[in-house]
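In: Below are the sequence and a predicted model for it; my questions follow.
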Amino acid sequence: MTDLAESVESMEQLAVVWRAMVLDRDADADVSDLPGIAVRWADSRFAFWNALTLTDVGTDAHLLGQRLVQAADIMRSKEQPGFLWLFEDLLDEEARATLETATERAGLQYAFPGTGMAGDLLPVPDPVHPELTFVRVTTDEHLRAYADLNARGYGFPLEAARDGLVGSTLWKDQVYAYLAMRGDVPVACAGTIAADGRLFVVLVATDPEWQRRGYGEAVTRKALYEGARATGLTRATLHATVAGAPVYPRIGFKPNSPIRFYGLKD
């Protein structure tokens, strides 16, 4: 794939996976596909399930300004806060140069960075870590532990993260979600799900008390191994945070588009 094709793939993977995720939380969630904007909004207290992204390719500065205003208006119409995921590579050079001014004008503020990644890297070996065992998520107790790890890892309130996951059928049946256990203590988690011919890595988190020990990489490898074994897929995709960005290339992922996350101005 060309770099731009991989950036388009990254945006499209978000739209596909998040549609399933938000409908799992609320069958009446907003999953509108508007001209240039994909809305994936569950109005959940778990802010990651409230998302939208710009879908035009080669967006110029004028169109970018229009899309950002429309995106901010959509976000203001919702009860719960969320994020605009903006894939920088889908903007032309002029639009990238005016991005800061355009987001400010639309009433959006920068939240944090990310990076799209992908690779034809499957299958991977079944991972072994001397300090860990791996447990597949199959119960609400497991989901609560998974949610709590995400809350601690990303700085969300516990109840907000639990609102995003506990009670899910999708996460128990279709996501290859795993807890990394140190004894009887969950210390990290990762999931994968089949999406349009790829295996998408979702909601990787490590308890801050147990970071920098290779736990996140190990459990990600486990989710990839089990997902690939079950589906036969050979290509994997993900969206990395700053913390995860150095880890995933060791597994075989290659970065594509930078992602900028925006929320509404306070």
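Out: Sure, I can see it. For clarity, every value in this text was computed on a predicted model and none was experimentally measured.
In: Check what contacts stretch 255-266 and list those residues.
Out: The contact list for stretch 255-266, computed with CB atoms under 8 Å, 6 or more residues apart in numbering, reads 3, 6-7, 9-11, 72, 75-76, 81-90, 99, 103, 107-118, 239-240, 245, 249. For every residue, glycine as well, the C-beta is placed using N, CA and C.
In: Give me the subset of these that lies in helices.
Out: Using DSSP state H, 3, 6, 7, 9, 10, 11, 72, 75, 76, 99, 103 are the members of the contacts of stretch 255-266 that sit in helices.
In: What is the nearest of these to residue 44?
Out: residue 75 (13.9 Å; CB to CB).
In: how about the nearest residue to that closest one, chain neighbours excluded?
Out: Excluding its sequence neighbours, the residue lying closest to residue 75 (CB to CB, 6 or more residues apart in numbering) is residue 264, at 5.4 Å.
In: repeat for residue 193
Out: residue 175 (4.8 Å).
In: got it, and residue 176?
Out: residue 227 (4.0 Å).
In: Please identify which helix or strand holds residue 164.
Out: Assessed by DSSP states H and E, residue 164 sits inside helix 158-165.
In: Could you list every helix and strand that the next helix or strand after that helix packs against?
Out: Scanning forward in sequence from helix 158-165 by DSSP H and E, the next helix or strand is helix 170-173. Packing partners of helix 170-173 (3 or more CB pairs under 8 Å, 6 or more residues apart in numbering; DSSP states H and E): helix 3-25, helix 140-154.
In: among those helices, which is nearest residue 65?
Out: Closest of the helices and strands packed on helix 170-173 to residue 65 is helix 3-25, at 19.2 Å (criterion: CB to CB).
In: In a strand, residue 260, correct?
Out: Yes: residue state for residue 260 (DSSP: H, G, I helix; E, B strand; the rest coil) corresponds to a strand.
In: Would you mind measuring from it to residue 36?
Out: According to CB to CB, to the nearest Å, residue 260 stands 17 Å off from residue 36.
In: Please apply the same query to residue 245.
Out: Distance, residue 245 to residue 36, using CB to CB: 28 Å.
In: With residue 222 instead?
Out: Residue 222 is 38 Å from residue 36, where distance means CB to CB.
In: With neighbour numbers in mind, choose between these two.
Out: Between residue 222 and residue 36, residue 222 has the larger neighbour count (other CB atoms under 10 Å), namely 28 against 17.
In: what's the helix or strand harbouring that one packed up against?
Out: Using DSSP H and E, residue 222 falls within helix 215-231. With contacts taken as 3+ CB pairs under 8 Å, 6+ apart, helix 215-231 sits against strand 133-136, strand 176-182, strand 185-195, strand 198-206.
In: Let me see the mean pLDDT of it.
Out: Averaging pLDDT along helix 215-231 gives 98.
In: Go through it and flag the buried ones.
Out: 215-228, 231 (16 or more other CB atoms under 10 Å).
In: re earlier: buried ones in the helix holding residue 164, by neighbour count?
Out: Under 16+ other CB under 10 Å, the buried positions of helix 158-165 are 160, 161, 162, 163, 164, 165.
In: just stretch 235-254 next, same as before
Out: For stretch 235-254, by 16+ other CB under 10 Å, it's 235-241, 243-244, 247-248, 251, 253.
In: tally of neighbours for residue 201?
Out: Neighbourhood size, residue 201 [other CB under 10 Å]: 26.
In: just residue 20 next, same as before
Out: 17.
In: ok, it - contacts?
Out: 170, 174, 193, 195.
In: list the contacts for the last one?
Out: Think residue 195. Contacts here follow CB under 8 Å, 6+ apart; on that basis residue 195 touches 13, 16, 17, 20, 237.
In: what's the farthest-apart pair in those?
Out: Going by CB to CB, the pair spanning the contacts of residue 195 furthest: 20 and 237, at 14.3 Å.
In: what ranges of this structure fall below the confidence cut-off?
Out: Scanning the chain for pLDDT under 70 picks out the ranges 1-2.
In: Not counting residues beside it along the chain, what's closest to residue 259?
Out: The spatially closest residue to residue 259, leaving aside those adjacent along the chain, is residue 114, at 3.8 Å (CB to CB, 6+ apart).
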